[in-house]
Every structure is written in C-alpha cells, then in structure tokens.
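In: Sequence and predicted structure, then a few things I'm wondering about:
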Amino acid sequence: MIVFYLLVLTFITLVLVGGFDATLRLIAYIDLLYRYQIVKVKMWVMRKKLESQLAIDHKKLVKELEKKE
C-alpha cells in the first residue's frame, strides 16, 4: 500500500514541477522503452530459434551433398 502512495506522490510532484503535458510525455516515453525491451527479448528468442534451425538444415544439406558424390 505504501508503494501506491509513493507512486501517487511522485506523480503529483511531477505534475507540479513539470506540468501535466510534460508528465504525460515522460510516462509515454517510459511506456515506449518498456515495450521496446519486450520486442528486443522476443527478437533475441527468435534469433536463437532461427540459428538452431539453420544449423540443423545445414547439417542435412551437407549429408545430402556427400551422398550424391
């Protein structure tokens, strides 16, 4: 409960010091940073999955080429 009060106090302080518009821009910026971090994690997972799949496909291709020779 104390975290909620601290959050509200911080928000009120930001509005008093910087104004309402500046506070909303700051919150929007933090939201965009958070969403970007989520996208970066998803991209990292996709990259690892693709690298492992390509390694498997490469091994299969090498075996097929060796059989033809």
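Out: Sure thing, it's come through. Numbers count the residues shown, from 1 in each chain.

In: Please count neighbours and contacts with C-alpha atoms only from this point.
Out: Will do.

In: If you count neighbours, what's buried in stretch 20-28?
Out: Across stretch 20-28, burial judged by 16 or more other Cα atoms under 10 Å covers residue 23.

In: chain center to that stretch, what's the gap?
Out: 21 Å (Cα atoms, centre = their mean, to the nearest Å).

In: which one's the longest helix in this structure?
Out: For the chain, the helix with the greatest residue count under DSSP state H is helix 20-68.

In: what's the burial count for residue 53?
Out: 11 (other Cα atoms under 10 Å).

In: Excluding chain neighbours, what is closest to residue 11?
Out: residue 23 (7.8 Å; Cα to Cα, 6 or more residues apart in numbering).

In: what's near enough to touch the one you found?
Out: 11, 14, 15 (Cα atoms under 8 Å, 6 or more residues apart in numbering).

In: do that again at 10 Å, thanks
Out: Applying Cα atoms under 10 Å, 6 or more residues apart in numbering, we find residue 23 in contact with 11, 12, 13, 14, 15, 16, 17, 29.

In: among those residues, which two are most distant?
Out: Using Cα to Cα, the contacts of residue 23 span at most 18.8 Å, a distance reached by 16 and 29.

In: separation between residue 6 and residue 13?
Out: 10 Å (Cα to Cα, to the nearest Å).

In: Kindly apply the preceding question to residue 55 instead.
Out: Residue 55 sits 54 Å away from residue 13, going by Cα to Cα.

In: And residue 60, by the same measure?
Out: Look at residue 60 and residue 13: by Cα to Cα, they are 62 Å apart.

In: from the chain's centre, how far out does the host helix or strand of residue 6 sit?
Out: Using DSSP states H and E, residue 6 maps to helix 2-18. Distance of helix 2-18 from the chain centroid (Cα atoms, centre = their mean) equals 26 Å.
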